[in-house]
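Asker: Okay, here's the prediction I keep looking at, along with the sequence it came from:
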Amino acid sequence: MIERKTSLEKVLAILNLFSEDKLTWTADEVVAATGYSRPALYRYVKIMKDAGLLVADSRFGFTLGPRIVELDYLLRRSDPLMVHGVPEIDSLAQCCPGNALLVRWYGSKILCVYSAHSGQGINTSYHRGRPMPLARGAIGRSILAYLPKARLAKLVKSRVDEFAAVGFGASEDEIISNFSRIRNDGFAVAYGEVTPGVVGIAAPVLDAKRSPVASVCVTVLGSQLEAGQIEEISAKVRQSAHNMHMRY
């Protein structure tokens, strides 16, 4: 039996075509990617243009529209994670060297939604809204460690090579064991996996059902860390994450 998509699903499928690798789409490209007829495509595009979700240009094709920016502004003011998380991240940046980040987990992606830095801030290529690596670094691990066992096992099985490439375990069992250790500790630490020479220390933000929704992270140059400082920073990161959990 062929499963038919609703009009809403077809509109969302067009939005989901846009990525960092491909920021503009022509009508021919959208038709080829979605299989929609051209009359149907233009019907959906008109709806999206009228809503401000798309901009159409005869020279460049379709790009995302200004309504996206407006929604982002509203999200910053309404999302409980942002409302309660921004002061926590600002506070972390004042007491820890390097960068403090709030990273949202949704679907199978993680992306930075807010960041602040001390006077010793580190240049990063993962700014607000850009998806971050899931299998590399402390942020992804702090979240994945709190997934239900069956879901974590399925994800690990599909990414064994990625975890192995950064030394997080050579087998599914070893990787799962390392995640159990992170869950017991309440935080994750990674050394130079996302940015060379930078240490990441992250703890998960949990919702009322104790499911991970985000991560709090501090990144600091390894050369600036002193003995015992990882333990000191991890305690502050865990406290900030806990404070958000209590308000989420």
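Answerer: In hand now; what should we look at?

Asker: Please make it C-alpha for all contacts and neighbour counts, starting now.
Answerer: Noted.

Asker: Neighbouring strands of the lowest-mean-pLDDT helix or strand in the chain in the sheet, and parallel or not?
Answerer: Each helix and strand of the chain was given a mean pLDDT (mean pLDDT, DSSP states H and E); the minimum falls on strand 131-132 at a mean of 86. The sheet places strand 131-132 alongside strand 109-117 (antiparallel), with pairing taken from DSSP bridges.

Asker: Which positions in the strand it pairs with come out as buried?
Answerer: In terms of neighbour count (16 or more other C-alpha atoms under 10 Å), strand 109-117 has its buried residues at 110-117.

Asker: Pretty sure Ala208 sits in a strand.
Answerer: No - secondary structure assignment places Ala208 outside any strand; it is coil (DSSP: H, G, I helix; E, B strand; the rest coil).

Asker: Alpha carbons only: can I get stretch 161-174 in CSV?
Answerer: Output of stretch 161-174 as CSV, limited to C-alpha atoms (Å, rounded to 0.1, in the frame of the first residue of the first chain):
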residue,chain,number,x,y,z
ASP,A,161,32.8,3.4,13.1
GLU,A,162,32.3,7.1,14.0
PHE,A,163,32.7,6.4,17.7
ALA,A,164,35.7,4.2,17.1
ALA,A,165,37.4,6.8,14.9
VAL,A,166,37.7,9.1,18.0
GLY,A,167,38.7,6.4,20.4
PHE,A,168,35.4,6.2,22.2
GLY,A,169,35.3,2.4,21.9
ALA,A,170,36.2,-0.3,19.4
SER,A,171,32.9,-2.4,19.8
GLU,A,172,29.3,-1.8,20.5
ASP,A,173,29.7,-3.2,24.0
GLU,A,174,32.6,-1.0,24.8
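
Asker: if you go through this structure in chain order, where are the helices?
Answerer: Using DSSP state H, the helices assigned to the chain run over residues 7-15, 27-34, 38-50, 66-78, 80-95, 138-144, 149-158, 160-165, 172-185, 229-247.

Asker: and Val198, which of those helices is closest to it?
Answerer: Proximity to Val198, assessed across those by C-alpha to C-alpha, is greatest for helix 138-144 (11.0 Å).

Asker: Show me what that closest one is packed against.
Answerer: helix 172-185, strand 188-191, strand 198-206, strand 212-221 (3 or more C-alpha pairs under 8 Å, 6 or more residues apart in numbering; DSSP states H and E).

Asker: In contact with Tyr126, which residues?
Answerer: For Tyr126, the contact set (C-alpha atoms under 8 Å, 6 or more residues apart in numbering) comprises 111-112, 132.

Asker: any chance of those residues in a markdown table, with distance to Tyr73 too?
Answerer: Shown next, in a markdown table, are the contacts of Tyr126 (distance: C-alpha to C-alpha, whole Å):
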| residue | distance to Tyr73 |
| --- | --- |
| Leu111 | 17 |
| Cys112 | 15 |
| Met132 | 21 |
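
Asker: nearest to Val166, of the residues you listed?
Answerer: The closest of these to Val166 turns out to be Met132 (C-alpha to C-alpha; 15.3 Å).

Asker: Got the domain ranges for the protein?
Answerer: Annotated domains of the chain cover 7-69, 79-247 [automatic domain parsing].

Asker: Highest mean neighbour count out of these?
Answerer: Mean neighbour count (mean count of other C-alpha atoms under 10 Å) peaks for domain 79-247 among these, with a mean of 19.

Asker: Give me the distance between the two termini of it.
Answerer: One end of domain 79-247 sits 12 Å from the other (C-alpha to C-alpha, to the nearest Å).
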